[in-house]
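Undergrad: How does the following fold in three dimensions:
(one chain, ligands or ions: 1)
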Amino acid sequence: MGGGGTESPDSKKARTHAQASPPPPVVLVWDIDETLVIFNSLQNGEWERAHSDSGAGEAQALGSQWSSAVLDLADSHLFYKQLETHGVMSLEDAAAADDGRDLASYDFDGDVVGRIQSCEGPAPASNDPGPCTPPPEAAYRYREAHRRYSLGLLADAALPSSDRLWHATDTLAAGWLTAAQGLLAACLAHLPVLLGAALGTPPHAGVRDHLPQVRHVAVTSSDLLPSLAKLALFRLDRFFAGRDVLSSRVHGKLECFARLRDRFPGSAAFVAIGDGREEEAAAAALGWPFIKVSLGRCTLGRAEKGGVPLTSLTVMEIAGALGI
Ligand SMILES: [Mg+2]
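TA: Presented below is the predicted three-dimensional model:
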């Protein structure tokens, strides 16, 4: 036993840091469609109307190719065709119906999931249908889809055309796809330090574990499985764990946001980022700051007004929404 009784101020400070509980996380709630990912607006002509100098017809052609690529990947690797009528808000809903059966030799072609009553049958008498509970056969597919997504869908799927599509779209959209990747990465790299500085934590590597954690979650108005395919095809899947992607298609954005709020107990700070009125209203209902994204290049007003293109949105703007 050595020493006893004397402790330098530095070691005491370090011990205090080590014992301190980590600060509450920051949760960035991203809308997927026409915020992180664009292709519906390419396909329906909205992008061309907002950008009169974009190639006539080119945007719609690219949007159509994206639509096919997403559905092909969702069908071929995520069982979407079989699970389309067994939609869930999140993979945790599917996991709740999973009995944990070993799927190593499971015959996904031989069971009866296609003939099982779907979650989207007649509406119940209650106004609140409650969470959908898929049958075990559907839950097995969601588990396998989750596994494949986590391993990287593009690493498994042979998609030689997706690189060309990605680059052609990024060029037409003035770097929107590159900006999405860069902003998500920059938030993880820089927001903890900015937040730590605001809390008075020195920004050196030794205290990184004691900086606030930043977590990306995604909410989509589409079905869950095609949205996982979108994230993979747009090269954004490394930023979103499968369970952190939620579909609002059945229950709406407010219920998704409330689910997220309940998932992060304590004093987590949330910021919602999207282009739609529904997520804006849901964020307001929960008292979350909202950053509005718009398709147009014009930055008249900023995020809180007319919206800002994703290509112009910065980490500092997100930090500002957090009050730092
Ligand atoms: Mg949207």
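Undergrad: What residues sit buried inside the longest helix that the chain contains?
TA: Assignment by DSSP state H gives helix 176-199 as the longest helix of the chain. Residues of helix 176-199 classed as buried: 176-181, 183-184, 187-188, 190-196 (neighbour count, 16 or more other CB atoms under 10 Å). All C-beta atoms are positioned from the backbone trio N, CA, C, and that covers glycine.
Undergrad: List the strands paired with the following helix or strand past it, with their directions.
TA: Tracing the chain C-terminally past helix 176-199 and defining elements by DSSP states H and E, one meets strand 214-220 next. Strand 214-220 has its sheet partners listed here by DSSP bridges as strand 26-31 (parallel), strand 245-247 (parallel).
Undergrad: on that earlier part again, distance from the chain centre to the longest helix of the chain, please.
TA: How far helix 176-199 lies from its chain's middle: 15 Å, per CA atoms, centre = their mean, to the nearest Å.
Undergrad: next one: stretch 215-234
TA: Distance, centroid of stretch 215-234 to centroid of chain: 6 Å (CA atoms, centre = their mean).
Undergrad: re earlier: closest to residue 318 out of the strands paired with strand 214-220?
TA: Closest of the strands paired with strand 214-220 to residue 318 is strand 26-31, at 6.9 Å (criterion: CB to CB).
Undergrad: Residue 240 contacts residue 232, doesn't it?
TA: No - assessed by CB atoms under 8 Å, residue 240 is found out of contact with residue 232, at 9.9 Å.
Undergrad: More neighbours: which of these two?
TA: residue 232 (27 against 22; other CB atoms under 10 Å).
Undergrad: For the longest helix of the chain, output the C-alpha coordinates as PDB.
TA: The C-alpha trace of helix 176-199 is given here as PDB (Å, rounded to 0.1, in the frame of the first residue of the first chain):
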ATOM      1  CA  TRP A 176     -26.600  17.100 -52.100                       C
ATOM      2  CA  LEU A 177     -25.600  13.500 -51.500                       C
ATOM      3  CA  THR A 178     -22.000  14.400 -50.600                       C
ATOM      4  CA  ALA A 179     -23.300  17.100 -48.300                       C
ATOM      5  CA  ALA A 180     -25.500  14.500 -46.500                       C
ATOM      6  CA  GLN A 181     -22.500  12.300 -45.800                       C
ATOM      7  CA  GLY A 182     -20.300  15.200 -44.800                       C
ATOM      8  CA  LEU A 183     -22.800  16.700 -42.400                       C
ATOM      9  CA  LEU A 184     -23.600  13.500 -40.600                       C
ATOM     10  CA  ALA A 185     -19.900  12.800 -40.200                       C
ATOM     11  CA  ALA A 186     -19.200  16.400 -39.100                       C
ATOM     12  CA  CYS A 187     -21.900  16.300 -36.500                       C
ATOM     13  CA  LEU A 188     -20.400  13.200 -34.900                       C
ATOM     14  CA  ALA A 189     -16.900  14.700 -35.000                       C
ATOM     15  CA  HIS A 190     -17.500  18.300 -34.000                       C
ATOM     16  CA  LEU A 191     -20.800  18.500 -32.100                       C
ATOM     17  CA  PRO A 192     -19.500  16.700 -29.000                       C
ATOM     18  CA  VAL A 193     -16.600  19.100 -28.700                       C
ATOM     19  CA  LEU A 194     -18.800  22.100 -29.200                       C
ATOM     20  CA  LEU A 195     -21.200  20.800 -26.600                       C
ATOM     21  CA  GLY A 196     -18.400  19.900 -24.200                       C
ATOM     22  CA  ALA A 197     -16.900  23.400 -24.500                       C
ATOM     23  CA  ALA A 198     -20.300  24.800 -23.700                       C
ATOM     24  CA  LEU A 199     -20.400  22.600 -20.600                       C
END
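Undergrad: what's next to it, contact-wise?
TA: By CB atoms under 8 Å, 6 or more residues apart in numbering, the list of residues contacting helix 176-199 from outside reads 23, 26, 28, 30, 36-38, 166, 169-170, 202-203, 207-208, 210-214, 216, 234-236, 239, 309-311, 313-315, 318-319, 322, 324.
Undergrad: Am I right that residue 143 falls within a helix?
TA: Yes - Residue 143 sits within a helix when classified using DSSP: H, G, I helix; E, B strand; the rest coil.
Undergrad: so what's it up against?
TA: Contacts of residue 143 by CB under 8 Å, 6+ apart are 94-95, 98, 103.
Undergrad: what do you get for residue 311?
TA: 174-176, 179, 297.
Undergrad: again, only using 10 Å
TA: Contact partners of residue 311, counting by CB atoms under 10 Å, 6 or more residues apart in numbering, are 173-180, 182-183, 293, 297, 299.
Undergrad: Look up the closest residue to it, ignoring the ones flanking it.
TA: Sequence neighbours aside, residue 179 is the residue nearest to residue 311 in space, at 4.4 Å (criterion: CB to CB, 6 or more residues apart in numbering).
Undergrad: Okay, the one you found and the ion: tell me how far apart.
TA: Going from residue 179 to the ion by CB to the ion, to the nearest Å gives 16 Å.
Undergrad: for residue 250, same thing?
TA: According to CB to the ion, residue 250 and the ion sit 17 Å apart.
Undergrad: just to revisit the earlier point, select only the buried ones of the contacts of helix 176-199 in PyMOL?
TA: Entered in PyMOL, the line below selects the buried ones among those, by 16+ other CB under 10 Å:
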select buried, resi 23+26+28+30+36+37+38+166+169+170+210+211+212+213+214+216+234+235+236+239+309+310+311+313+315+318+319+322
